[in-house]
Each structure stands twice: as structure tokens, then as C-alpha cells.
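**Student:** Quick one: sequence and predicted model below, then my questions.
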8 protein chains.
Amino acid sequence: GFATIDNHRQLRVGYPEVIYCEGKTTEQVKRIIEFMLTKEKNIIATRANEEMYKAVKEICEIAHYNKLGRIITIRKEEEKYTKGYIAIVSAGTSDLPVVEEAYETAKILGNRVEKIIDVGVAGIHRLLAKLDIIRQAKVIIVVAGMEGALASVVGGLVDKPVIAVPTSVGYGANFGGLSSLLSMLNSCASGVSVVNIDNGFGAAYNASIINKL
Amino acid sequence: GFATIDNHRQLRVGYPEVIYCEGKTTEQVKRIIEFMLTKEKNIIATRANEEMYKAVKEICEIAHYNKLGRIITIRKEEEKYTKGYIAIVSAGTSDLPVVEEAYETAKILGNRVEKIIDVGVAGIHRLLAKLDIIRQAKVIIVVAGMEGALASVVGGLVDKPVIAVPTSVGYGANFGGLSSLLSMLNSCASGVSVVNIDNGFGAAYNASIINKL
Amino acid sequence: GFATIDNHRQLRVGYPEVIYCEGKTTEQVKRIIEFMLTKEKNIIATRANEEMYKAVKEICEIAHYNKLGRIITIRKEEEKYTKGYIAIVSAGTSDLPVVEEAYETAKILGNRVEKIIDVGVAGIHRLLAKLDIIRQAKVIIVVAGMEGALASVVGGLVDKPVIAVPTSVGYGANFGGLSSLLSMLNSCASGVSVVNIDNGFGAAYNASIINKL
Amino acid sequence: GFATIDNHRQLRVGYPEVIYCEGKTTEQVKRIIEFMLTKEKNIIATRANEEMYKAVKEICEIAHYNKLGRIITIRKEEEKYTKGYIAIVSAGTSDLPVVEEAYETAKILGNRVEKIIDVGVAGIHRLLAKLDIIRQAKVIIVVAGMEGALASVVGGLVDKPVIAVPTSVGYGANFGGLSSLLSMLNSCASGVSVVNIDNGFGAAYNASIINKL
Amino acid sequence: GFATIDNHRQLRVGYPEVIYCEGKTTEQVKRIIEFMLTKEKNIIATRANEEMYKAVKEICEIAHYNKLGRIITIRKEEEKYTKGYIAIVSAGTSDLPVVEEAYETAKILGNRVEKIIDVGVAGIHRLLAKLDIIRQAKVIIVVAGMEGALASVVGGLVDKPVIAVPTSVGYGANFGGLSSLLSMLNSCASGVSVVNIDNGFGAAYNASIINKL
Amino acid sequence: GFATIDNHRQLRVGYPEVIYCEGKTTEQVKRIIEFMLTKEKNIIATRANEEMYKAVKEICEIAHYNKLGRIITIRKEEEKYTKGYIAIVSAGTSDLPVVEEAYETAKILGNRVEKIIDVGVAGIHRLLAKLDIIRQAKVIIVVAGMEGALASVVGGLVDKPVIAVPTSVGYGANFGGLSSLLSMLNSCASGVSVVNIDNGFGAAYNASIINKL
Amino acid sequence: GFATIDNHRQLRVGYPEVIYCEGKTTEQVKRIIEFMLTKEKNIIATRANEEMYKAVKEICEIAHYNKLGRIITIRKEEEKYTKGYIAIVSAGTSDLPVVEEAYETAKILGNRVEKIIDVGVAGIHRLLAKLDIIRQAKVIIVVAGMEGALASVVGGLVDKPVIAVPTSVGYGANFGGLSSLLSMLNSCASGVSVVNIDNGFGAAYNASIINKL
Amino acid sequence: GFATIDNHRQLRVGYPEVIYCEGKTTEQVKRIIEFMLTKEKNIIATRANEEMYKAVKEICEIAHYNKLGRIITIRKEEEKYTKGYIAIVSAGTSDLPVVEEAYETAKILGNRVEKIIDVGVAGIHRLLAKLDIIRQAKVIIVVAGMEGALASVVGGLVDKPVIAVPTSVGYGANFGGLSSLLSMLNSCASGVSVVNIDNGFGAAYNASIINKL
Ligand SMILES: Nc1ncnc2c1ncn2[C@@H]1O[C@H](COP(=O)(O)O)[C@@H](O)[C@H]1O
Ligand SMILES: Nc1ncnc2c1ncn2[C@@H]1O[C@H](COP(=O)(O)O)[C@@H](O)[C@H]1O
Ligand SMILES: Nc1ncnc2c1ncn2[C@@H]1O[C@H](COP(=O)(O)O)[C@@H](O)[C@H]1O
Ligand SMILES: Nc1ncnc2c1ncn2[C@@H]1O[C@H](COP(=O)(O)O)[C@@H](O)[C@H]1O
Ligand SMILES: [Mg+2]
Ligand SMILES: [Mg+2]
Ligand SMILES: [Mg+2]
Ligand SMILES: [Mg+2]
Ligand SMILES: [Mg+2]
Ligand SMILES: [Mg+2]
Ligand SMILES: [Mg+2]
Ligand SMILES: [Mg+2]
């Protein structure tokens, strides 16, 4: 075998293992999922391309693919959602792939989710107009590229935990998301923590743990 | 005036403004605190040196200084603690200044706190021996320098949110905390989010919001 | 001689040469100013320490020193100010040294100036409360450290040129001002241009040219 | 919807929203433009590929595409130009794509423009020969890759604001435009401010605000 | 000729020269191997693509290609293995290409090898379950991407030399393997030394020298 | 026109302008050469692809293309070579493209050249065996990737100027040639100066000036 | 307590815990050593300043301090040395502090050691003159700053494992040891592995494990 | 001994060994010079502080110290100068320490030298006014910090080899000389090669070799 599936994980951390498809062959992804299907648990495979999706579809009719978010989800357990919700706030249209990865992850993990998109700080009234729905969330994910200023502005307006996801949207001195990563790590607003560049999955996973506390 | 105190903050984000003393003169710190003392709210001043503490002590008898953590706290409100607690887990003795900053912040914000120190991954049995107390926390802060591996190991063993604080402990290819910052951002464990290098205050502030959800 | 004074500069670019004192000896600074005093033009010396100021004071009674801004100015020409004004907007108290450098520069170059300080994005209502005075300026300087988000927020609210000055205020992943520099260069607001980290002088010089167009 | 169009922007900052096409699908670009066409305002879409242009052309006959500059412009308002002009000065032939992006932007925003191209500092007489036309501009854009020295040289010869655009032209220790970005930020000439690497649009937008003051 | 084959190397360092195929043409690789085949020694060619393998196969029937590891090996000498073995421990399925490069190298150099794969620290029980086989090795190679924490954890559990290979597996703040490289260089466990990112060959070569001491 | 040809250059710096083809269209390259052909001077075009070569061949029969070195040369002047020669010393076969760019440049500029290739420090006897021919050169170019140690070793063995060219050969912590660039800049041998990564042209141009002093 | 001493370490990895004094107070160092003295094992404290040494001396007469190497050693166990020896080869006199840290560590761990210092590649005959003593070692430590070329040259001349220690000796583009770190990681010689910048302790610890295999 | 003096160097590379004092103790510097004084050759010690100078003075009356350049020279051989001269051209007064290091080195090595200082590109007429004396040099050293543009401008005006020395003069995005280093490496002028940041010694040593060809 090329994998040591972590079967205890559900017990230990409360969720089954998640498949990170980048750097795996389609064959490997398919066989890992084949094995996991025997467990009757929900399955998540991130960074999956369409070829992988097709291969999975062959062995699992109900596999669902979010193309923009590049994520496969398989719902084996009953749908059941939290009362509190996660707000996913994003800066621009180009950040949508990360928003979608976060959205699918949060949903399959059983969370209610509200998306508030394209409300970057260059036109701050757009954000202020949505403040109510953001403030009523139990936890907030902020997705932003370029200078990532949205995280600080949101962080200064709410009393809930903010999980910031820098994206690689931008060019030049963006250096693959570095500008928005550093920006978020240096946020002058205090309730902000940060995950890796473009890591919509990690943000949603984290938000889900908090939302269910 | 040299400051625009954010009086609304208590209402908006639930806590009053916190003073970051680095780059301010002793005189400035003293005058900001003088003004805030009129509000009967708890006060936090981070990165404060002893000279600043002495100046503050003159105008406020009950000011408390944690020398290792370089943090001044003034308790004006009644002591009242949460039921759930925050666990602060740290890798080595050299990380203690950051641990102390986090500890003082968490306490003044009204949280029960447990410290589990010097349990770095080079001797992993030390960590495993403390797993119970870590797992029962509502939220966990991991403080580690050098390669910051502790965050991933803890993240893989618990089902609670982990807030990782990279420290600047180390030398050479540590590059002022960069090694442990990048390490934590790339954690293969999913429930980990990260704050700035040496930002014990930010981690505790964040943990406090979550602990009180 | 250790210097080739650029006497034509006044003619060519409209202002005399400005002295950057860092890396010069007190003796050198003094002798350059001695020479320039023969020209009956205003004189600016940036990054000057107190020892340099004292040495200059000996040869020029009217030399003025802004200690926080570390800048010496000598007014030889008649005071005369522009009608339009430059707004200097800053994020936190720790950014004041850069604000002062910019302020002194703008004044000696003959500009009306308004300072709006400590209005960082963590408490955005502070900024919104000052919007009128900012919008009526002819050109705006934004001074901010940490994540430098203030530049984008201001840039999205005004129809005037914004000159952004990242400061080295911060620690850890701030990397000496890099976070706020990259942030400002990647601003999602379109009217923002950037000068070097902590370069209050350059921002004011630039703003002055624009203010006098 | 996948976008929150900022309709107020024209009022607030004087220009309508500009579309950044990178990271958006052709479908998204088309639909955003479709919506904006209902407003009878000029439209700018930067970083657009030919496929996007074709899609836009289908819904708008008068769409214009500058292939080198990768920019779509749609003129709905009457042509009307400023009296003062913007000079765009560039170092080498390889910098032309950025020059063209700046040129189209400046024109559609209503500015008179003069292009002075391929006058890099390796043959400084080429620049000196064009000094008159550069000096008479109201604001100057300097576009240069490699070591970006042109910005400093121009900055030392004029009394007008210089907006410097580093380009990613070069290789090796150019690091994607970093060399020329840092060079321009450290310019020893005082009237120079900088925008992001390859950001011809931002430079022109900025220059336009200044040109119209 | 385009090459100066180092014929003395076998004598000097105990092994013949190894071919690094990246940046060489298929023709060059083929001709170097053709020459080396006259020496009746084992041959290793790393970073070889399939086209190169086919070209080599034409001149050498027994050439063997490990596609995942991108490595060609030609066994001309008699098979003979060490008594002690090298353990190759890896974090995730995506690290397998580097594992395979190390594996093939170690085998052709005459070492017994044990592979323990997909035992990353996010599920540390997987590692603990294999501790016996790891501890009985004479030297241990640890292959890990993302945050590379596995090297420190293994290093703290064994009394044998650990050679750590950071991999470029990951994205965003991974910066092409930098996160895991810095992590391993800053390991708080003392018996860990490091080779270049993705350098499975170098790790195995090194381990082989040690295994044969 | 899209170019301002620097006709004075021959007079000023002794050589005509050289065309850097990267980032130019085939059409642009062709038209620049067409213009230069009217001058009866030798022509050099670096970083040229095969399509460009074909286009140039159409307008100039005698155009010569070195495919490995990606360089077009056109000899319009009489062949005439220096008495002293330039030695081009290189570390590995993968560095050959840079060697060839340097070689063609040096030849068309009228220099005698000796190539000593594949003599990297991993087998230092190969270098020592060629020491005579290296020492008798008037100026030495050292081309090396990976750790670039060859420059220091050669620099310590000769009394002639050494021009070091770091190459981007390598992977991982090579960071696109950074390792060998930094290595050469920090050379402990004193007679070594450095040009940009992969800049074979610049090294040869420089060596040619020195060789003709 | 402020420390969780790892008492099992002797059993698990064969050596007791080593104290890293940087970032610890003198008081902390003293108390950790006080505790460890009860175990009758050898003690090592690295990066110790003179004040720490004096404090330790008070509680332990036989404490030994190597001032250049900044290392305290306490020998409680009987002196007993290996038959094979470790060679420590260094480039320049400025690298001596790291050499000394490695030397003391290797000795207290029970190894025979030979020092071959100041044999950097700028004068390669110095190295060649010592080749015999280097080649007869069982394992070799190479200590070098600046461009770190010595590791590659030694690596190409021996058939023993080479542990390379980059030092921070140098300035400018040395960037605190980065040049020599990257150089060593990219070594074209195959038997070289690397530890952190200035980590003489780690190199010796590693070499000791290998020397005792 | 702590040093292996390279006595052959004079024979091999034409000059005796040069002492780099940084990181050496005063005692070490003194003893190395004591030994070298027995050889009746000129001696150079760079990066020497005043304490070192005093110690050397005790054993050698004729030792000469250039305080600004931090360099000790001892002339034991007869004064004799080349016919051609080296021009040292520098950008600003703050670059003088590097100029002086280069000057002393060039003189003691027997070269005629002309200094042209404070002629940075912000006032290019200052440079043009000195063009004759620069052009008549046999080799040119350009010393510049900040954006280092001077190297390109000079390089485009002369037909002699230019050795560029970036200096660490500047702040912020200068990053310790990185901006001017990258600038010079990417020079669009072709005859420019580069040495390490602040390496006035290396530039002069190099220039001297060329000047004497
Ligand atoms: N140690 C700290 N690290 C990060 N942020 C802090 C710290 N201490 C205070 N702050 C933040 O800094 C802000 C105050 O900045 P200033 O206006 O410059 O005093 C507060 O609102 C806090 O959110
Ligand atoms: N100079 C050194 N460099 C790197 N690691 C060290 C050094 N000295 C001690 N250590 C490691 O640091 C660990 C102790 O860390 P701490 O708990 O903070 O004292 C020890 O177990 C050693 O493995
Ligand atoms: N998009 C993602 N970003 C970061 N980590 C992920 C992602 N998807 C999955 N993971 C983590 O990667 C681990 C699997 O790695 P592997 O063994 O290589 O498949 C899982 O346990 C997840 O925690
Ligand atoms: N391969 C190369 N690397 C660096 N510079 C080059 C190269 N080829 C040509 N050049 C320089 O680039 C300049 C031409 O730039 P451009 O005006 O963009 O064609 C010439 O004057 C040369 O000095
Ligand atoms: Mg938008
Ligand atoms: Mg410890
Ligand atoms: Mg404030
Ligand atoms: Mg050109
Ligand atoms: Mg796995
Ligand atoms: Mg070879
Ligand atoms: Mg020496
Ligand atoms: Mg000057």
C-alpha cells in the first residue's frame, strides 16, 4: 500500500481523515476513497481535478464535485446542521475558488453557512451594508487576496473569532499570496487568526470545530 | 493629543482597547492609561518595560507587572472566571516570555487557564503524559519556537481549536521566528490557526473569545 | 571635500538639496549645512540625532529640531502657505515619528497641513468621523505600520491622490515594515502610490509637488 | 450573484469600478460588463485575454482591445481631454505591455498622453534628447524593468510628480520584478512614488487624478 | 565532448559518478551512459524522464526505471546487501516520489531498506506503531513536506542518525519546500541533519555511507 | 516605432546595441535587426527562440544560431581575434547553455576563447588537470550552478580577473540560482566579480572589454 | 517549575538532555543544572555567557567553560574515548567559535577529535596538505562561512559522511549565514548533509552518533 | 595555532593574504600580523577597529589606519604606481566608508587612483561634469547605496570595465543593501560586474588586477 489510513482519527479529533489530492495520482485518490467508502462516513477530497472526480464517480454515484472549489464531497451520513452559522466573507470575485472550498467543507461537516462575497475594503459601504448578518454569525471566515485588509476591518467590527484566509489573488509584489498573508498576521485587530494561503478547507474545518463548541 | 482612544470598542468587540507599548514613550503610555483609568474597565498594556511599569504604578497602585511577559494589567472589574479553561502548551523553557504574555491576557479577560510547559516534541512522552489536561480544555494555545512541530502534534491529538503562536526562539535558519511561523501555517493537522510571531497577547485574546462563545 | 552639493537643484526640480544624516558624521552634517547657509534658502536635514542638532545650532541660531521626527529645519525664506492642504492620516500612536517627519517637511516646503492621527482600521468609526477633513484635502498622506490596511480603506473613500507610507511599527512577521509595504503596494484601491518604509520625508515632498500643481 | 458591484464608486472616488480579469472566468467577466453597460459609463477591464475580449465584443460592438496591453475599454461617454498631459516614459521595448496598459487607461479616463519609449539609462542621451517633452508634462509615469534606474534619473531632472512602475522584465536576480521595485522604492530622487510591479493601470489612474487636480 | 567524466571517483569516494538528468538533453544522457557502460560498474541516473529511459533502454537491455521516483538504475555488479538496514520513514502519500528516489538509490548501492510510509504527525499513533522497525535500523531517512515535523518527532525517539529530506509537497506558505526545510534545520531533536528539498538521492547516498561504516 | 535604437553606443562604449529578445515579439526582433543591418556592424540577439531565428534568417542569409545558447549572431565585419584569450570554465554539463551564450558573444566581439567544461569541485582533480590553460588566459569566466563553489576555487588559483556567472541549474534550496549567486558574491577568493544569474552574455561582454585593454 | 526535564532521554536516544541557554535567565540555567547534577551524568550547556558560567561554578567546582565556544561542560562520568575519530575541518579563523562548540561537545560525548583549521578553498593547497588526516577520520565535520565552498570540496575528496555547518561569518549578501547554508544544501558532492547555521553542537552530536555506530 | 597562513599566495595569485578582522579577536589579529611582518611584504587588514589598530601599532610603528574605511595598511615594499589609474565614483557622502576601503586597498596594491565622490543620479549634471576623468581611467569602481542606479548610468557612458559595489546605505526596503545589490546585478548596461555589499576591498583588489594586465 501507498497509504496508512488514519482510522482512529474520527475518535481522536472527531472527524475522519481528509484527502489532499495534489501530488497524488488519480489511481491513488480512487483507491483511498474506495477504502474509505467501506466506513459509512462522510468523505472530503480537496484539490481534486475533474479527472479524479470522474474516477471517483465510477465507484460512488453520489459523489459531488464543486468545480470552482476543486473539492469532492461524499455524504454518507444523515444531513444535520448546527443552529449557529459560519459567515464566509470575501473581498473579490477572484477569491471565489477559496470561498467555495471553505463552503463545501463547512457544509459537509454539518454547519449552517452564510456567504457574503465581493465586499472588499475598496468600497467599504458594501461591507457595512452586510454587517448584521456578519455579526450574528458564531464564527467568521474572511477570504481576501491582494492586501488582505478585509480581515482587519472585519476584525475591528465584530466580537466573534475571525479566521483569515489569505489568497494568492494578485500579481507582482503579491508574491503568491505573501502580501495578504503577512497583512493578516500583522492585523491590528485582535481577534484574528490565520491559516495557510488559499486554505479554504483548513479555515472551514477550524470554524466548524469552534461553531460546534 | 497623540491618541484617538477607541471608546466604542467595548461595545463593538466586547473588550476595551489594549495598549501596545513598543514604539511609544513612557510619557505616552502613562497618559493613555491615565485617561483609561477614568472608565473603570480592566486595562492591558503589552510590551511594557520596567520604566513604563514604574510610571504607571505612580498613578495606579494596583497595577500589576509580569516581568517575564513584559505586560501590565490593571484589574478594575470584579474577578470572575469561565467554567471551561484555556490550555497553554509550550515547547521549551525559552518560550516562557510568550507563555506569560498569553497567560496574563487570558486571566485578566476572565478565563480559567492551565499551563503545560516545556513539553516539546524532542521528548514526546512529556506531552503524552499531559494529554488529559490538554484534551479537556475548551481551546488550546500552543507556543513553540525552533521548528514549531508541537502545533501539528497537538493538533493531531485533540478535537478542540488550536491557536498556534510561533516564537522567535532559535538562531540561524530560524530567521527571527520564520521557521516556526511557516511550519505552523503548513500544519498537516487541520484544526490549527496561527497568530503573529511572539504574539502571546493575540493568541490569548482569540482564545478568550472562543472560550466564551 | 566629501560632498558635491547640487546647487542647480533648486532650478531643476524646484527645491534645494535635502540632507539625509544617517551614515554621516556630525562634522559632515555641520559642514554641509554651513555651506548651504550661504545660499539663503530653506534647509532640511532628516534622520538627524540630537548631537547633530546641537552642532548645527552653534552655527545657526534659528535651526529648529523636531525630536520625535528626528528632523532639523531652517527657515531662511519668508513663510507663505498654499491654499489647498495636505492631510496626514495615521493608524496608531507608534507611527508618530513618521508623521512628524512628514509634517515638518510639508510645512517648511510651504504647505498647509492637517494631521488626523490614531485612526487605524481596528476602530473604523474613528476614521469615518474625520472623513470630511480628509476629503477636502488636495492630497492625502497615509502613514501606517503593522498590516497597513488604512491606505486601502482611505483610498476607497476619496477622489484625491493618496501617498502611502508603510512604517516599521510592528514585530515578528512584520519583518521591518515588509508586511505593510507589500500591503500598500497591493492595495485594491486604485489611487494609492507608495514610498519607502518610514519615509515620511519623501511622502511629504511628493505631496508638496502635487499640492502646488 | 458572484459579484457585489460598487455602484457608488463614481460618486465617492469619481470613477466607476474597474474589472480585474485575472482569476475570473470569461463568463464572469462578460456578465459583470453586461451589468455595467446599463449605466452608460466608460468601462475598463484589465488583464483580459482574447477569449474574454471576444465574449465582450458579442454584447458590445464598440468594445476596444489593446492586445499588447491586455486591456478592454468601452467608451460610452463623450471624448473630452485635459489640457495638461501625462508623459509615459519607458526604458526598453520589452516594457511595452505595461506602457500600453497605462496608455489606454489614461486615455479612457480623459487625459492627453505623450509616450516616450525605449530611453533606458544604458544610453542616457536618448532620454536627455526628450527632456523638453517630459518636463512640460503635468505628471510623469516611468515604466522600467531590470534595475529600474530610469525612475531616479527622471526624478532628478523634473519638478513634477513621478509615478514609477517597476516591470517584471528581466531574469535571474530580477526575481519577478523585485529588483526594479526595490530600486524605485529606494530612489535617491525625492519626487518618486511607486505602484505594484507591472501595474500600468494603477499608475495611469493615479496620474489621472493628479492631472485633473 | 560536453562532459568530463570523473573516472577516479570510484577510487576517491567509493562510488562512481551519478548522472543528474535535469537540464541535460536526452542525447547527452544517452551518450554519458554509453561511455559509463564500458566500465562494468552500477549506474544511476536521477531526475530522468520517460523519453530518456527509452533512449537508454535501446543501448542497455537491463536498464530499470522507477517512474514515480524518476530514476534509472543499471546493475552491472553482483547483488550483495548490507546486514544493517536503512529505514525510510515518510509523512504522506504525496511524498512518495522522493521516497522512491531514495529507495532505488539505497538498493543499487547495496543496502537493505525498510519503507515506513504515510505516518505523518497528524496521526502520531501510526508512527508509534512502527517504532520497533524504525529503531532497529542503522540509519534513518525521514521524508516530509508541509511543516516537516516528522523529522523532529522521529529524532526524539531514536538513538540513530536521522537524515531529513524536506519535500516540496504543500502550497502557499510552503514556498516550494522552504517551510519544511527551515523546520528540519531548526529541529529541536539533536541527531538530525538535512539535505536539499526533494533530494531523495542525496539522503540515500549519505545513509549508505553511514550504513557501511 | 516601438524602439529608440541607441546609434551612438558604438562610439560611446565601443560596441553597438545588443538585442535582448525575451519579452519582445518575433516581429519586433525582426524589425530591429532589419534596421541594424543597414549599419554594417556585427549584430547580437540573445534569448532568441527558433521562431525568431527563422524570421531573421529570411532577411539575413548569414545569420547564425547557437540553439543551446539561444543566441543569434550576424558577422558583418571582418573576422579578427585578440592575442590573449578568455577561458570559460564550467562546473557541469547542465551549465552548457550559459557557456554557449558566453562563447558566441566572446567570439563575435573578436576574442580568442578556450572552453574548459564539466570540471566542478566534486572532482577537483579534473580542474587541477586543466590549470595551465586556465592560468594562461588573460581573463577567466567561471560558470556554475548549484553551490557555485567553482568560482572560489578558481579564484584562489589564478592571478587574473575572474568573472563569475551563477546559473539556475539545481532545484529546491537553489531557489532559481540564488544559492550560487550568493555563494559567488561571498567568495573568499578576492579577484572574483559577479554578473546576473544565467547572464553568459554579460560575462563575455565584460571579459571582452578587459581582454582588449 | 519552568522546565520539564526529559529524564528518559538517556534511555531513549542514548544521551541526557542538553541545555540551550539562549533566552533563559542565569537563574533558570543554574537551577536546571542543579537538578541534573543529582543524576551523575555528564552535562552540556550551550550558548552560555560568562555570567552563567560563574553561577554554575558556584554549585559545581568541576564545571568547565570554553569561552570562545560559549559552552559549559561538566564531566561526571569516567573519561573514555572512541577508537575512530571525528575530524573538524574549518575554513577560516573567524569560524573558530563554532569549531570550539563542536569540539567540546564531541569530547564530552566521548569521541577522539582532530581539528584541521583555517584551510578554506581560497588556498586549496592548505587543505590538500591535510588530506590524510581528514580521510582517516570516521566522520568529518566541515565548518565554513562566507560561500561555504569547503564542504563541497571536502565532500568530493573523501568516502566518509560529511556534516556541514554553515557559519554566520561574513557580511552583506551573506545575510546572516544564508549564503553558506544554501551553498551547502546545494552541494554537488553527494555525501554532505547540513545542520543549522552556527550549530556546532548539533554537528558534533550527530557525528558522535555516527562515530559510535 | 588558530591560523594556517597561506604563504604561497603571493606566488600563486600575485598578492599576499589579506586579513579580514571581523569575528577575530584583537589578539588574533595582532599575532597574525606579527607573523606576516617577518615576510617583508605589504600588509592589509580590513574591517579593523581602533583597538586593533592600537595593538598593531605597538608592534609596527609604520602601520597606517584609515578610520572611515576601517582599514590598516603596512607598507614594507617600495612605493611604485601604475601609469593607468582606477577611478572610484560614488553616489553620496554616506558611501564614503566604502570608498575609503577601496581607496586604501588600491593604493597599497600600487595603483594610481582618482576619487569622484557624491555624484549620484539625483543630480546627473554632477556626474556629466566629471565624465572626462572617468572615461580616461583604465577601470572604474562605482560605489552606491539606495537604488544603486549610478552603476548603470556610468556603465552606459564608458568603454571600460565597471566594478559595482552596492552599499548598505539606506533604510526600509533597502534591506541592508539588497536593493542596490539587485539593481546592479540587473544593470541594463553591459560592462558591469558586481561584488558583495560594502566590499570596497574586493572591488579594489579586482580593479588592481585588471589595471595591471
Ligand atoms: N502585544 C500586542 N500585539 C499585537 N497587537 C497588540 C498588542 N498589544 C496591543 N495590541 C493592539 O494594538 C492596538 C493599539 O494600537 P495603538 O493605537 O498604536 O496603541 C490595540 O487595539 C490592540 O488591539
Ligand atoms: N546549541 C544548540 N543548538 C540547537 N539545539 C540545541 C542547542 N543546545 C541544546 N539544544 C537542544 O535544545 C533542547 C533543550 O531546549 P530547552 O527545553 O528550551 O532547554 C535540548 O534537548 C537540545 O536537544
Ligand atoms: N486542502 C488542504 N489543505 C491543507 N491540508 C489538507 C488539505 N486537504 C487535506 N489536508 C490534510 O492533509 C492530510 C492528508 O495528507 P496525505 O496523507 O498526504 O493525504 C489530511 O489529514 C488533512 O488534514
Ligand atoms: N542576455 C542578456 N542579459 C542581460 N542583458 C542583455 C542580454 N542581452 C542583451 N542585454 C542588454 O539589454 C539591452 C537591450 O535591452 P532592450 O532595449 O530591451 O532590447 C542591451 O543594450 C544589452 O546591453
Ligand atoms: Mg469586486
Ligand atoms: Mg526543555
Ligand atoms: Mg491607538
Ligand atoms: Mg532598447
Ligand atoms: Mg496520509
Ligand atoms: Mg559532470
Ligand atoms: Mg585564514
Ligand atoms: Mg550628496
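**Tutor:** Thanks, I have it. Numbers count the residues shown, from 1 in each chain, chains lettered A, B, ... in the order given. Ligands and ions are numbered 1, 2, ... in the order given.
**Student:** Residues contacting whichever helix or strand A:Ser179 is part of, please?
**Tutor:** Here A:Ser179, judged by DSSP states H and E, is contained in helix A:178-185. Outside helix A:178-185, the residues that touch it by Cβ atoms under 8 Å, 6 or more residues apart in numbering or on different chains are A:144-149, A:151-152, A:164, A:166-167, A:169-170, A:173-174, A:192, A:194, A:197, B:181, B:185, B:194-197, C:147-149, C:172-175, C:178-180, C:182-183, C:185-186, E:172-173. Glycine gets a C-beta too; all of them are placed from N, C-alpha and C.
**Student:** What residues does chain A have near ligand 1?
**Tutor:** A:188, A:190 (Cβ under 6 Å from any ligand atom).
**Student:** All the strands of chain A, residue numbers only.
**Tutor:** With DSSP state E as the criterion, chain A has strands at A:19-20, A:43-46, A:64-66, A:71-74, A:85-90, A:112-116, A:139-144, A:162-166, A:192-194.
**Student:** how about the nearest residue to the residue of chain A found nearest ligand 2, chain neighbours excluded?
**Tutor:** Closest residue of chain A to ligand 2, Cβ to the nearest ligand atom: A:Leu185 (24.1 Å). Spatial nearest neighbour of A:Leu185, excluding adjacent residues (Cβ to Cβ, 6 or more residues apart in numbering or on different chains): C:Ala173 at 4.2 Å.
**Student:** Could you check stretch A:146-162 and say which residues are buried?
**Tutor:** Buried residues in stretch A:146-162, counted by 16 or more other Cβ atoms under 10 Å in any protein chain shown: A:146-158, A:160-162.
**Student:** That one: how far from the chain's middle?
**Tutor:** How far stretch A:146-162 lies from its chain's middle: 17 Å, per Cα atoms, centre = their mean, to the nearest Å.
**Student:** How about stretch A:168-184?
**Tutor:** 18 Å.
**Student:** now that stretch: mean pLDDT?
**Tutor:** Mean pLDDT, stretch A:168-184: 96.
**Student:** what are the C-alpha coordinates of that stretch, in PDB please?
**Tutor:** Extracted C-alpha coordinates of stretch A:168-184, given in PDB (Å, rounded to 0.1, in the frame of the first residue of the first chain):
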ATOM      1  CA  SER A 168      -2.900  34.100  -3.900                       C
ATOM      2  CA  VAL A 169      -5.100  36.500  -5.900                       C
ATOM      3  CA  GLY A 170      -2.900  39.400  -7.200                       C
ATOM      4  CA  TYR A 171       0.400  39.800  -9.000                       C
ATOM      5  CA  GLY A 172       3.800  41.400  -8.700                       C
ATOM      6  CA  ALA A 173       4.600  42.300  -5.100                       C
ATOM      7  CA  ASN A 174       1.800  39.900  -4.100                       C
ATOM      8  CA  PHE A 175       4.400  37.200  -4.300                       C
ATOM      9  CA  GLY A 176       1.900  34.300  -4.400                       C
ATOM     10  CA  GLY A 177      -0.200  35.500  -1.500                       C
ATOM     11  CA  LEU A 178       2.700  36.700   0.700                       C
ATOM     12  CA  SER A 179       1.400  40.200   0.900                       C
ATOM     13  CA  SER A 180      -2.000  39.200   2.200                       C
ATOM     14  CA  LEU A 181      -0.600  36.500   4.500                       C
ATOM     15  CA  LEU A 182       1.800  39.000   6.200                       C
ATOM     16  CA  SER A 183      -1.000  41.600   6.300                       C
ATOM     17  CA  MET A 184      -3.300  39.200   8.100                       C
END
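**Student:** okay, the closest residue to A:Lys80 other than its chain neighbours: pLDDT?
**Tutor:** Nearest non-adjacent residue to A:Lys80, counting by Cβ to Cβ, 6+ apart: A:Gly110, 5.7 Å away. We have a pLDDT of 96 for A:Gly110.
**Student:** same check, this time on A:Thr4
**Tutor:** pLDDT, read off for A:Thr4, is 76.
**Student:** Same question for A:Ser190.
**Tutor:** We note a pLDDT of 88 for A:Ser190 in this prediction.
**Student:** now do A:Asp198
**Tutor:** You'll see A:Asp198 listed with a pLDDT of 98.
**Student:** ditto for the one 3 residues further on
**Tutor:** As summarised for this prediction, A:Phe201 has a pLDDT of 97.
**Student:** Same question for the one 5 residues further on.
**Tutor:** At A:Asn206 the predicted local distance difference test score is 97.
**Student:** what's around it, how many residues?
**Tutor:** By the measure other Cβ atoms under 10 Å in any protein chain shown, the count of residues near A:Asn206 is 29.
**Student:** B:Ser193 is in contact with that one, correct?
**Tutor:** Yes: A:Asn206 is in contact with B:Ser193 according to Cβ atoms under 8 Å; the separation is 5.4 Å.
**Student:** Please name the nearest non-neighbouring residue to the residue nearest to the spatial centre of chain A.
**Tutor:** By Cα atoms, centre = their mean, chain A has its centre lying nearest to A:Ala102, at 2.1 Å. Leaving out its chain neighbours, the residue that sits closest to A:Ala102 by Cβ to Cβ, 6+ apart is A:Gly200, at 3.6 Å.
**Student:** The one you found against A:Val98, yeah?
**Tutor:** Yes: between A:Gly200 and A:Val98 there is a contact under Cβ under 8 Å: 4.1 Å.
**Student:** Give me the common contacts of these two.
**Tutor:** A:69, A:143, A:165.
**Student:** Looking at the residues you listed, state which has the most neighbours.
**Tutor:** Ranked by neighbour count (other Cβ under 10 Å), the shared contacts of A:Gly200 and A:Val98 have A:Val165 at the top, with 36 neighbours.
**Student:** Done for today, thanks.
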